[in-house]
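Novice: coords below, sequence missing:
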Ligand SMILES: C[S@@+](CC[C@H](N)C(=O)[O-])C[C@H]1O[C@@H](n2cnc3c(N)ncnc32)[C@H](O)[C@@H]1O
């Protein structure tokens, strides 16, 4: 039982600045095995800098010099996620319009830059079936653990796990072998100017752990080749078009712009 993770092709090495999973007497043996087998993450007796840790039955990304309040995890049942799911505007959210969920529920989407799965959660809660592709082993492990806990959550277990599938892979490789979805969704890293404390905390972590996405232009090409209906790219409002490609339309969100590349009607 691998928790539903597919691994496609080769994945990037764990960045040299990132350690593995900090040894902890409370760590379940089955979890250690899964993380080693699925993501190549090893238990280490000591860490410096970013690492995975086991806290309150959850896998978290932590920095040795930051307080535990700064822990980063995937929590599909968090207060913020639940609020956004229930009161966040639903189909009037810019992302829902961009992906096309206002016109058709139940679309299939490949989220080729899954990150912490926040956008995927919004799409899944509006009815999409989402394949989450993530190449960074630590981030993929956080997603895997978020899905594990979603399967135990009474509010989520009946619908969310069925709509989210995790693929641990470089997306350009995955997009050559996965079945063509209605929509490919991209949100590559971009140097941001945004400043809220929560965003800053995560941005620092992603900057250190994930780094830049220098292959994002090539990812656009692979996404456009595979999608049946459209490709959607999330960008900061001030950013240039990904791969220099002019979209069919752009939809402005509260903090971002969604560039939509239409290939066929939904
Ligand atoms: C800005 S974050 C995405 C955040 C996400 N939309 C969310 O809602 O949480 C970008 C993520 O995409 C991943 N990524 C970027 N390029 C990728 C690629 N070619 N293949 C797989 N993952 C990729 C990075 O490792 C990072 O975790």
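Specialist: Sure, I can see it. The structure displayed is predicted, hence computed values, not measured ones.
Novice: quick one, phi psi at the closest residue to the ligand within the stretch 1-150 of the chain?
Specialist: Closest to the ligand within the stretch 1-150 of the chain is residue 115: 2.5 Å, counting by Cβ to the nearest ligand atom. In short, each C-beta sits where N, CA and C put it, glycine included. For residue 115, the backbone dihedrals are phi 60, psi -130 (criterion: degrees, to the nearest 10).
Novice: so how many other residues sit close to it?
Specialist: Per other Cβ atoms under 10 Å, the neighbour tally for residue 115 reads 21.
Novice: how close does residue 184 sit to residue 22?
Specialist: 35 Å (Cβ to Cβ, to the nearest Å).
Novice: From residue 42, how far out is residue 62?
Specialist: Counting by Cβ to Cβ - residue 62 and residue 42 are separated by 16 Å.
Novice: actually residue 245, not the one I typed
Specialist: In this view, residue 245 and residue 42 are 40 Å apart by Cβ to Cβ.
Novice: which residues touch the nearest residue to residue 241 once chain neighbours are set aside?
Specialist: The spatial neighbour of residue 241 that comes closest, neighbours along the chain excluded (Cβ to Cβ, 6 or more residues apart in numbering), is residue 259 at 6.1 Å. Shown in contact with residue 259 (Cβ atoms under 8 Å, 6 or more residues apart in numbering): 232-233, 235, 241-242, 247, 250.
Novice: Quick one: residues in contact with the helix or strand harbouring residue 146.
Specialist: According to DSSP states H and E, residue 146 maps onto helix 137-150. Residues from elsewhere that reach helix 137-150, judged by Cβ under 8 Å, 6+ apart: 3-5, 11, 14, 18, 34-35, 38-41, 50, 52, 57-61, 72-77, 114-117, 132, 134, 156-157, 160-161, 164, 166, 168, 209-210.
Novice: Model confidence score at residue 46, please.
Specialist: pLDDT, residue 46: 89.
Novice: can you list the weak-confidence ranges in the stretch 1-150 of the chain?
Specialist: When residues are selected by pLDDT under 70, those of the stretch 1-150 of the chain lie in 1-19, 89.
Novice: Show the contacting residues for residue 74.
Specialist: Counted by Cβ under 8 Å, 6+ apart, residue 74 has contacts 116-117, 142-143, 145-147.
Novice: SS state for the spatially most central residue of the chain?
Specialist: In the chain, the residue lying closest to the centroid (Cα atoms, centre = their mean) is residue 114, at 2.1 Å. Taken by DSSP: H, G, I helix; E, B strand; the rest coil, the conformation at residue 114 corresponds to coil.
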